[in-house]
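Chemist: this is the structure alone, sequence omitted:
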């Protein structure tokens, strides 16, 4: 999350529980052009054991070049392609949640990233579609699987919804039924350990991705770790 998942915040989250903690969204073109601000955003925490970067781009050649730089120059261990951002400044340029509408371009971006990453896994995060009249989640997930993505994550809202209303977990369940060869991860309205367990139980998804639920609450990951291990949940910290 832009301005949130900085090295310091990722460190706080990691101290509370095991997991994969992804960077702020990095723009592929800025990375290729060696933008100074982008370099600062890529700087890891001193003891970060796994380097995970979320990348945004709309041009397969630029995304491929950015991934090669991430792997070769920065030693990144995991790349997550962002096709879920609903921010108008991103979607106006055809990126984020707007890009999967163009399925040939979508395939090109994912394929270029996977080819450039080599042994490093590339995952894809997306939304249900631009709106309910332009659903792209199933087709996009199948394309991502075909292009070599290691997993797909579905935020169960459309771009039009932004963050309003409720995440429609039934869309995660439907996607899990459609995608057979790579893990499907569910995202949306995971505010507690109980929510994470309920999302998996109701959809059959392979894992849970947490976004806004962690804002100001890095101890959520201690609760998640306990819940998945079958232990009593720790009490939240006092003021």
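Modeler: Sure thing, it's come through. Here the structure is a predicted model, which means the values were calculated and not measured.
Chemist: so how far is residue 187 from residue 51?
Modeler: Distance, residue 51 to residue 187, by Cβ to Cβ, to the nearest Å: 21 Å. Backbone N, C-alpha and C define where each C-beta goes, glycine included.
Chemist: how about residue 239?
Modeler: Here the criterion is Cβ to Cβ. By it, residue 239 lies 30 Å from residue 187.
Chemist: the two - which one has more neighbours?
Modeler: Set residue 239 next to residue 187 and count neighbours by other Cβ atoms under 10 Å: residue 187 wins out with 26 against 2.
Chemist: bridge partners for the more buried one, pull those for me.
Modeler: Bridge pairing for residue 187 (DSSP bridges) gives the partners residue 155, residue 209.
Chemist: ok, residue 180 to residue 204 distance?
Modeler: 12 Å.
Chemist: do residue 165 as well
Modeler: 23 Å.
Chemist: again, but for residue 228
Modeler: Going from residue 228 to residue 204 by Cβ to Cβ gives 16 Å.
Chemist: which residue ranges of the chain form strands?
Modeler: Taking DSSP state E as the criterion, the chain contains strands spanning 25-27, 52-56, 78-83, 122-127, 151-155, 184-187, 207-209.
Chemist: mind putting those strands into CSV with mean pLDDT?
Modeler: Shown next, in CSV, are these (pLDDT from 0 to 100):
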stretch, mean pLDDT
strand 25-27, 94
strand 52-56, 96
strand 78-83, 97
strand 122-127, 97
strand 151-155, 98
strand 184-187, 98
strand 207-209, 96
